[in-house]
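> A predicted structure for the sequence below; I have some questions about it.
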Amino acid sequence: MFQRKGPVAYKDNLENTIKLDDLYNHPHRNFKSIHIAGTNGKGSVSHMLASIFQNAGYKTGLYTSPHLKDFRERIRINGEKISEQEVVDWVTNFRERQKQWKIEPSFFELTVAMAFDYFSFQHVDIAIIEVGLGGRLDSTNIISPELSIITNIGLDHTNLLGNSLEKIANEKGGIIKKGIPVVVGTTQTETTDIFEKIARSRSAEIYFADQEYKTQYSMLGMDGSQIVSVERKGKNVYPDLKLDLKGIYQLKNLPSVLKSVDLLIKQGWKISEKNIYDGLKSVVKHTELLGRWQVLGNNPQIVCDTGHNEDGIKAIVSQIQNTAYKDLHFIYGTVADKNPEPMLRLLPKNARYYFVKANIERAADEVKLKETALKLDLHGVSYPSVMEALKAAKSSADKNDLIFVGGSTFVVAEIL
């Protein structure tokens with residue numbers, strides 16, 4: 001299981017995926033799909049598109065990873081998680097077949113096969129498929145989607161995907177298919193030529209969403225949702241667009257969603273402007289998206305976010321700087337197979353830190369993390385568990401303080 005064990009569990013080929021696809025009679029051919037890759041934002045874009053399609057009346061599958069509380073979060077139809085019994089039955093059936101097949105798939109390979117088989121059996125109209133890691137060699141990369149989306153490129157999983165934006169772009173660009181349009185969310189000097197070259201070689205039309213749509217933060221609604229104005233060629237095309245996802249960084253994800261919807265409408269999908277408005281203001285309600293600037297409590301305000309690479313941490317710090325509070329309490333943990341220093345250098349100095357170790361073997365040691373942070377002028381105490389740190393932060397915090405929890409998906413998962 002890559003998410004828990006890290007790089008040692010990564011498979012750099014599609015051999016098992018293709019074999020499983022053959023054994024289950026190519027279930028992905030029985031439903032339409034949209035394929036989404038990117039360093040940051042791919043999960044949010046996936047959920048936003050799923051919510052819009054649900055609002056438009058389509059039976060919508062959604063495959064994402066990792067999960068935070070429950071494995072079944074990964075596989076949904078119209079926001080409803082696959083049932084426990086269906087997971088048990090599918091795995092039991094696989095184990096019986098495995099005796100004849102002689103195949104030993106990874107956790108992720110098996111999960112993708114389960115999702116595709118489930119979506120086929122349930123006759124979804126469309127499935128939104130999020131890439132797990134990279135793109136070119138990801139187990140999801142056997143589909144022929146209606147549209148490919150690459151949200152952005154940042155430095156993450158460099159030991160597996162490459163240590164430069166250019167190398168990572170080549171891996172994520174692997175989801176671009178022959179004749180299938182691709183939307184790139186963020187124009188970046190290092191990656192634009194790479195995506196254009198791949199698209200040309202595969203006769204795929206390419207669109208850069210941020211060159212077409214500009215989002216401007218407008219105000220917070222009474223319910224805490226964001227009310228956004230969206231411009232296209234200098235004209236306000238989506239006035240007062242309401243988004244129930246509270247992270248300011250979602251404004252960078254919106255252009256990818258809106259440009260994708262434009263292209264899908266051209267392809268014949270029936271999506272109205274009302275579906276877009278209603279879908280975006282109900283993403284959490286429709287899809288139960290967790291861990292994106294999620295408010296867990298007030299007085300003091302407690303917030304968690306799964307951002308765990310440099311770009312993700314920058315977005316979190318920016319939002320903290322735009323949040324009113326008296327003192328900042330920062331609960332932070334990470335994984336041992338990543339160098340923590342680039343992220344720690346980005347964190348605010350004027351915070352009280354609670355360094356933690358998530359309850360997985362892959363988690364970084366909390367004492368070593370504290371020692372590394374101290375060299376960078378970040379001061380705090382280490383705790384052997386996430387919940388102990390939260391208890392300590394709550395007992396120390398004033399009602400006007402902010403407690404932030406993050407650094408790793410697993411830290412957020414424990415809080416939730």
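Sure thing, it's come through.

> C-alpha only now, for contacts and for neighbours.
Fine.

> thought Glu84 was touching Arg72?
Yes: between Glu84 and Arg72 there is a contact at 7.5 Å, judged by C-alpha atoms under 8 Å.

> what about the stretch 201-350 of the chain, any weak spots by pLDDT?
Within the stretch 201-350 of the chain, the segments meeting pLDDT under 70 span 218.

> same thing but 80
Where the stretch 201-350 of the chain drops to pLDDT under 80, the residues are 217-220, 222-224.

> just the strands in it please.
206-208, 213-220, 226-232, 235-243, 294-297, 301-304, 328-332 (DSSP state E, counting those that start in this stretch).

> packing partners for the fifth one?
What it means is strand 294-297. strand 301-304 (3 or more C-alpha pairs under 8 Å, 6 or more residues apart in numbering; DSSP states H and E).

> Does anything pack onto the strand it packs on? Which helices or strands?
So strand 301-304, by 3+ C-alpha pairs under 8 Å, 6+ apart, packs with strand 294-297, strand 402-406.

> now Glu310: how far from Asp89?
Remark: distance between Glu310 and Asp89 (C-alpha to C-alpha, to the nearest Å) = 40 Å.

> Kindly report the same for Val303.
Distance of Val303 to Asp89, computed by C-alpha to C-alpha: 37 Å.

> Kindly report the same for Asp278.
For Asp278 relative to Asp89 (C-alpha to C-alpha), the value is 36 Å.

> between these two, who's got more neighbours?
Asp278 (18 against 12; other C-alpha atoms under 10 Å).

> who's sitting farthest from the centroid in this protein?
Within the chain, the residue lying farthest from the chain centre (C-alpha atoms, centre = their mean) is Gln100, at 36.0 Å.

> Distance check, the residue sitting nearest the centre point of the chain against Leu165.
Closest residue to the average C-alpha location of the chain: Gly43 at 2.7 Å, with C-alpha atoms, centre = their mean. Between Gly43 and Leu165 the distance is 20 Å, computed by C-alpha to C-alpha.

> swap in Lys102?
As judged by C-alpha to C-alpha, Lys102 and Leu165 stand 38 Å apart.

> who has more neighbours, these two?
Each of Lys102 and Leu165 has its neighbours counted (other C-alpha under 10 Å); Leu165 has more, 20 against 8.

> So Arg362 sits against Val335, correct?
Yes: counting by C-alpha under 8 Å, Arg362 touches Val335, with 5.7 Å between them.

> Neighbour count for the two, which is higher?
Set Arg362 next to Val335 and count neighbours by other C-alpha under 10 Å: Val335 wins out with 25 against 18.

> Please give me every residue in contact with that one.
362-364, 408 (C-alpha atoms under 8 Å, 6 or more residues apart in numbering).

> switch to 10 Å and redo it
4-6, 308, 357-358, 360-365, 369, 407-411 (C-alpha atoms under 10 Å, 6 or more residues apart in numbering).

> Just these: which are in strands?
Using DSSP state E, the subset of these located in strands is empty.

> And the average pLDDT for stretch 88-102 is what?
The pLDDT scores in stretch 88-102 average 90.

> er, stretch 117-127 I mean
98.

> List the buried residues of stretch 69-87.
72-79, 81-82, 87 (16 or more other C-alpha atoms under 10 Å).
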